[in-house]
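S.K.: Sequence and predicted structure below; questions after.
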Amino acid sequence: MLGFSQRSLANLLFWVTQKKWFLISLLVGTALFLLPTPNGLTLEGYRIIIIVITALMMIITEPIPLPAIAIYILVMEVFLGIGSPEEISHSFMNDAVFFIMGSLMLAVAIVQQGWDKRIALGIIRLTGNKTNNIVFGFTAISAILSSFIGEHTVAALMLPIAMTLIKYTSKDSEKVTGLSAVLLFAIAYGALIGSIGTPSGGGRNVIMMAYLKDHGLSISYLGWMMKVYPLVLILIPIVSWILQKSIVPEYLRLDTGVRKLVVQVSKLPELTGRNTIAVFIFFLVFLGWVFLSESLGLGTIALSGVLLYLIAGFVKWEDLSRNTHWGVIILFGATISLGANIKNTGAALWLANQVINVFGSIMDIFPFATDTIIVIMTTILANVLSSSATVAVLGPITLNLGSDALHLGMVTAIASAFGFFTAVAAPACTIVYSSGLVNAKDFLKAGWKVGVVSIIIVILYANTFWSIFF
Amino acid sequence: MKFLIAVGSKEFSEPTLRVGLQVAKAFKAAVTIVYAGPKISEFSTSQVRFTQERMEEWEFDRPGVEVLEWAFNFLAENDYITPTSIEAGFPKNTLVQTGGNRCEVYLQGTICKDVNLILRNGDIIAELRDEVRRGGYDVTIIGGSQKRRMAHDLIQYINSSIFVVNKYDQHQDYNLLLPVDDSTHTPKAVQYGARVAQAFDVKVNLITVSKTDSFGEGYTKASQLASKMMRRAGIAHEHRFETGDPVDVIKKTAGDNHIVVMGASTKNPLFKFFTGSKPLKVMEDCLCPILIVK
């Protein structure tokens, strides 16, 4: 047919089936492009919405590599006249991108210091051998650590500890499915709820801080912590309790696993000066975030820490480069560019007005309706998309849904961490899923209760605690 | 010849491995066993890889290694690898990274020189297709799947013969069902069928199905050639001529006690995509193992 051999036709069909979501995205984009611009929306605003819709479809279904989606966004923004090439390239880079880059590199540097085995010993000393206590310990430690060093770092540190307890409790993984699920979800969900506690808990928080700054609002590192950390402390026991009630572990005590873990850790050499300096460098980074982030930016401080680790020789550039997904960083830059242009073209305001037109009467009657709409919308998108990309795209819209942009922005940032429902929602979830000890369906089974309760608590918290104290 | 056997888990892949190795032995083929794990979202690939490296420092294997270890033990128990390889044990330390999502380990085989074990992650069809293209395999062997689309994709996109070990019970007696017509793949299917029949020491039921009462010259010649080949190979066989819809007749005759060997369709891939083909329809509904020869 048309000079094509059977093999090349089969290859073409295979390409079409593999790239079907890319082709569907393009078709949807073309159809929208041919429709008239909606009333009240600028031509550029309409075109950026088309790019957002098609790009989100591609990010969710991943028919082409993520860096290719970033390039698609860049090219389309220029081709469709959203801005000049200079404006678009500038919109790709800001402090949030530096922060995401820095936190991914810090994760590699921190994990290579071997802190995981010392953390393991710390948890066991605190919790003892009872499974329930260990689950609480895992949730609490994961949450507290992820507030400062990022959820993916915590998951990478904690997973081997959980695996030791699981594998040495029973060699047959079929006999410890409940134990595996409860420990691994304690890590993933603990890391997720902890990541809301400080701006450095996740790139999404930094992106939201940048948007708030554009609105003429600023919040300091300590200011964020004071507003949100009590929520983390409320969620830790609740999430731990829900997990223990939803998943029944096969063993109530983990004597063998704990004994083996202690033996593993006891083989470690004593703390060296090098270990102390590594901790000290991270402490300097933390102090920098607390006291200097408003003037220097969280990203620059994170990268300063990476620089110190490199100068001190605690990590090799080859390791940093190999374990940092540069394509993902470029994609975050692209989604931040989308967010900036949604705002600049007036599309954010128009979309916010559409939401108000649809839900306005409910928003007027029920006091928490706006927060509820934001939290549900953000949670749904964060479970199919990356949380940072969710905030980058939704942030400019939710900030226009009411008069208190700081309140709305922080609610959006918090809800974007509620990726409890799917294995792809957050790196912490994907990391525990990659252990092979839990399957994708388990996330929905365990996650829906944690998700619903977290949504209710955050809405009540934001409308009571913040109203009373701030 | 080169055979690729895809395994998924210890629980469900034992028949696939058993049958696959038995057939490979008959063909004296080089064997590669591949495990394809789930696809990881690109957002987290570097972090997952990094975590898995940490896990190895804690002496934990990455997911999938235990399946390859089980395959190694199966090979050892059935003497498919040399005593030296068996004595050395499963060489997980020599699992070489040969691509972003592919690891490989080499073993010394007894039936043929090379036996490879491969670990991959990603979409099963894309991974198998890539592996077949990379290794130039003649036959890909895979277990039955609940997903109807899987059968279609395997036949359509993988450039080798496909053996689907569907609902195989090692305690049941099987015969071999070999549909014969005038299509270009039939002679090769007859050759493969003869080898499989010898491997399992079973009788061959040759069947020629026509939609009308008359059987054309092509059909007659093909059936005569098939009978001749079976006779020369010393394989017990009988030949039946049936009238009706070929797919229905083949499915009904196959039941659950035949291994079906048939040639792939020569229809244009575009037509096959939209309208299907005889082998595809048989594969989708039949209750027994089926080898589609390309």
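M.R.: Done, it's in. Numbers count the residues shown, from 1 in each chain, chains lettered A, B, ... in the order given.

S.K.: residues in contact with A:Ile134?
M.R.: With contacts defined as CB atoms under 8 Å, 6 or more residues apart in numbering or on different chains, the neighbours of A:Ile134 are A:Ile123, A:Ile124, A:Thr127, A:Gly128, A:Leu165, A:Leu183, A:Leu254. Quick note: C-beta positions are derived from backbone N, CA and C, even for glycine.

S.K.: Kindly provide the distance from A:Ser388 to A:Asn323.
M.R.: Separation of A:Ser388 from A:Asn323 (CB to CB, to the nearest Å) stands at 18 Å.

S.K.: Neighbour count: these two, which is higher?
M.R.: A:Ser388 (28 against 22; other CB atoms under 10 Å in any protein chain shown).

S.K.: Check the contact between that one and A:Ala210; I expect there is one.
M.R.: No. Using CB atoms under 8 Å, A:Ser388 is not in contact with A:Ala210, being 11.6 Å away.

S.K.: got the contact list for the closest residue to chain A within chain B?
M.R.: Taking CB to the nearest CB as the measure, chain B has B:Pro63 as its residue closest to chain A, at 3.1 Å. B:Pro63 makes contacts with A:Ser434, A:Ser435, A:Gly436, B:Gly37, as judged by CB under 8 Å, 6+ apart.

S.K.: mind listing what the first one touches?
M.R.: When contacts are counted by CB under 8 Å, 6+ apart, A:Ser434 is found next to B:Ile40, B:Ser44, B:Val48, B:Thr51, B:Gln52, B:Pro63.

S.K.: Checking the first one next. Helix, strand or coil?
M.R.: This means B:Ile40. Classification of B:Ile40 using DSSP: H, G, I helix; E, B strand; the rest coil returns coil.

S.K.: From A:Thr372, how far off is it?
M.R.: Going from B:Ile40 to A:Thr372 by CB to CB gives 33 Å.

S.K.: what bits of the chain have low per-residue confidence?
M.R.: I went with chain A, as the question did not name one. Chain A contains residues with pLDDT under 70 at A:1-4.

S.K.: um, chain B though
M.R.: Within chain B, the segments meeting pLDDT under 70 span B:146-148.

S.K.: Got the domain ranges for it?
M.R.: B:2-165, B:175-293 (automatic domain parsing).

S.K.: Can you give the distance of the first one from its chain's centre?
M.R.: It refers to domain B:2-165. Relative to the centre of its chain, domain B:2-165 is centred 12 Å away, using CA atoms, centre = their mean, to the nearest Å.

S.K.: before we move on, what about stretch B:206-222?
M.R.: 28 Å.

S.K.: same check, this time on stretch A:61-80
M.R.: Using CA atoms, centre = their mean, the offset of stretch A:61-80 from its chain centre is 21 Å.

S.K.: Next: stretch A:319-334.
M.R.: So, by CA atoms, centre = their mean, the centroid of stretch A:319-334 is 15 Å from its chain's centroid.

S.K.: Show the end-to-end separation of it, please.
M.R.: Start and end residues of stretch A:319-334 are separated by 25 Å (CA to CA, to the nearest Å).

S.K.: Stretch B:279-294 close to chain A?
M.R.: No. Stretch B:279-294 is not in contact with chain A by CB under 8 Å from any CB of the partner chain; minimum separation 10.5 Å.

S.K.: Which of the residues in that stretch are classified as buried?
M.R.: Across stretch B:279-294, burial judged by 16 or more other CB atoms under 10 Å in any protein chain shown covers B:279-284, B:286, B:288-294.

S.K.: measure that stretch end to end?
M.R.: One end of stretch B:279-294 sits 11 Å from the other (CA to CA).

S.K.: so where do the strands sit in chain B?
M.R.: Counting by DSSP state E, one finds strands in chain B at the ranges B:2-7, B:30-37, B:96-97, B:102-108, B:114-121, B:139-143, B:161-165, B:175-179, B:204-210, B:237-243, B:258-263, B:290-293.

S.K.: what's the closest of those strands to A:Ile110?
M.R.: Of all those, strand B:96-97 sits nearest to A:Ile110, with 24.1 Å by CB to CB.

S.K.: what packs against that closest one?
M.R.: Counting contacts by 3 or more CB pairs under 8 Å, 6 or more residues apart in numbering or on different chains; DSSP states H and E, strand B:96-97 packs against strand B:102-108.

S.K.: Please identify which of the strands of chain B is closest to A:Leu32.
M.R.: Closest approach to A:Leu32 among the strands of chain B (CB to CB): strand B:114-121, 35.1 Å.

S.K.: How about residues contacting the closest one?
M.R.: B:30-40, B:62, B:64-65, B:68, B:71-72, B:75, B:80-81, B:95, B:101-109, B:127, B:131.

S.K.: That strand vs strand B:102-108, what angle?
M.R.: For strand B:114-121 against strand B:102-108, the angle by axes from the mean of the first three to the mean of the last three CA atoms, to 10 degrees is 160 degrees.

S.K.: Now strand B:114-121: buried residues?
M.R.: For strand B:114-121, a neighbour-count test (16+ other CB under 10 Å) marks B:Val115, B:Asn116, B:Leu117, B:Ile118, B:Leu119, B:Arg120, B:Asn121 as buried.

S.K.: between these, which is nearest A:Ile329?
M.R.: Nearest to A:Ile329 among the buried residues of strand B:114-121, with distances taken as CB to CB, is B:Asn121, at 22.1 Å.

S.K.: Quickly note the distance from the closest one to A:Gly436.
M.R.: Using CB to CB, we find B:Asn121 at a distance of 11 Å from A:Gly436.

S.K.: Now do the shared contacts for these two.
M.R.: B:Gly37, B:Gly64.

S.K.: tell me, how many neighbours does the residue of chain A found nearest chain B end up with?
M.R.: Going by CB to the nearest CB, chain B is nearest to A:Gly436 of chain A, at 3.1 Å. Using other CB under 10 Å, A:Gly436 is surrounded by 17 other residues.

S.K.: ok, B:Val65 touching B:Leu95?
M.R.: Yes. If you go by CB under 8 Å, B:Val65 and B:Leu95 touch, sitting 7.0 Å apart.

S.K.: Stretch A:103-111 near chain B anywhere?
M.R.: Yes. Applying CB under 8 Å from any CB, one finds stretch A:103-111 touching chain B at A:Leu104, A:Ala107, A:Val108, A:Val111.

S.K.: three-state assignment of the third one?
M.R.: Three-state secondary structure (criterion: three-state DSSP) places A:Val108 in helix.

S.K.: any idea how far A:Ser8 is from the closest residue to A:Gly102 other than its chain neighbours?
M.R.: Nearest non-adjacent residue to A:Gly102, counting by CB to CB, 6 or more residues apart in numbering or on different chains: A:Ala302, 2.8 Å away. Per CB to CB, A:Ala302 is found 49 Å from A:Ser8.

S.K.: next one: B:Leu95
M.R.: Where A:Ser8 is concerned, B:Leu95 sits at a distance of 35 Å (CB to CB).

S.K.: Thanks again, I'm all set now.
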